[in-house]
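Visitor: Need coordinates for the following:
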Amino acid sequence: MVDSYVFRQMREEDIDQVLEVEHASFTLPWSREAFYNELYNNKFAVYIVLEEDDRIIGYCGTWVVIDEAHVTNVAILPSYRGKKLGEALMSKLMSVSREMGARTMTLEVRVTNHVAQSLYRKLGFQNGGIRKNYYSDNQEDALIMWVKI
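Guide: This is a model prediction of the structure:
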């Protein structure tokens with residue numbers, strides 16, 4: 001049940017566990033330096049972790065610029081997927097972004113990632129276009145999605 005989980009802002013000491021989620025989730029994972037830079041050098045960045053028993057099992061991030069939030073990443077450990085945790089994490093990110101003044105939220109998702117697209121549509125996202133050859137690992141296109149928050 002989602003109620004037994006804790007959402008909080010990401011801290012530097014979380015990076016090792018976030019990297020575990022990142023490496024389990026993406027073919028081109030971000031580096032430690034990338035997360036460090038997001039936490040300390042990007043004034044637009046907001047990252048949230050999802051914990052169970054002091055273990056990070058998911059995280060997400062966004063850049064809030066003026067009234068727009070651009071989702072950078074969303075990931076849940078594979079063994080925790082299918083439990084509505086991604087939905088809860090995205091809902092939390094949308095709420096935090098709204099509190100920071102965002103009126104819209106956008107993201108890119110692989111055109112073949114139908115599970116994620118379904119989740120985003122459930123949260124109100126709509127198709128906004130295609131970014132050709134967006135992913136550098138295989139030149140897959142990205143679907144751009146938008147929602148008013």
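
Visitor: From Arg98, how far out is the residue lying closest to Lys148 once chain neighbours are set aside?
Guide: The shortest distance from Lys148 to any non-neighbouring residue, by C-beta to C-beta, 6 or more residues apart in numbering, is to Thr104 (5.5 Å). The C-beta positions use only the backbone N, C-alpha and C, and glycine is treated the same way. Thr104 is 10 Å from Arg98, where distance means C-beta to C-beta, to the nearest Å.

Visitor: which residues are in contact with both of the two?
Guide: Ile149 (C-beta atoms under 8 Å, 6 or more residues apart in numbering).

Visitor: Now do the lengthiest strand in the chain, average pLDDT.
Guide: Secondary structure of the chain per DSSP state E: the longest strand is strand 55-65. For strand 55-65, the mean pLDDT works out to 97.

Visitor: Off-centre distance for that strand?
Guide: 5 Å (C-alpha atoms, centre = their mean, to the nearest Å).

Visitor: Using CSV, write out every CA atom in that strand.
Guide: Output of strand 55-65 as CSV, limited to C-alpha atoms (Å, rounded to 0.1, in the frame of the first residue of the first chain):
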residue,chain,number,x,y,z
ARG,A,55,15.7,2.2,1.5
ILE,A,56,15.2,4.3,-1.6
ILE,A,57,13.0,2.4,-4.1
GLY,A,58,12.2,5.2,-6.5
TYR,A,59,12.9,8.8,-7.4
CYS,A,60,11.9,11.5,-9.8
GLY,A,61,13.1,14.9,-10.8
THR,A,62,12.0,18.0,-12.6
TRP,A,63,13.2,21.4,-13.6
VAL,A,64,10.7,24.2,-12.7
VAL,A,65,11.4,27.2,-14.9
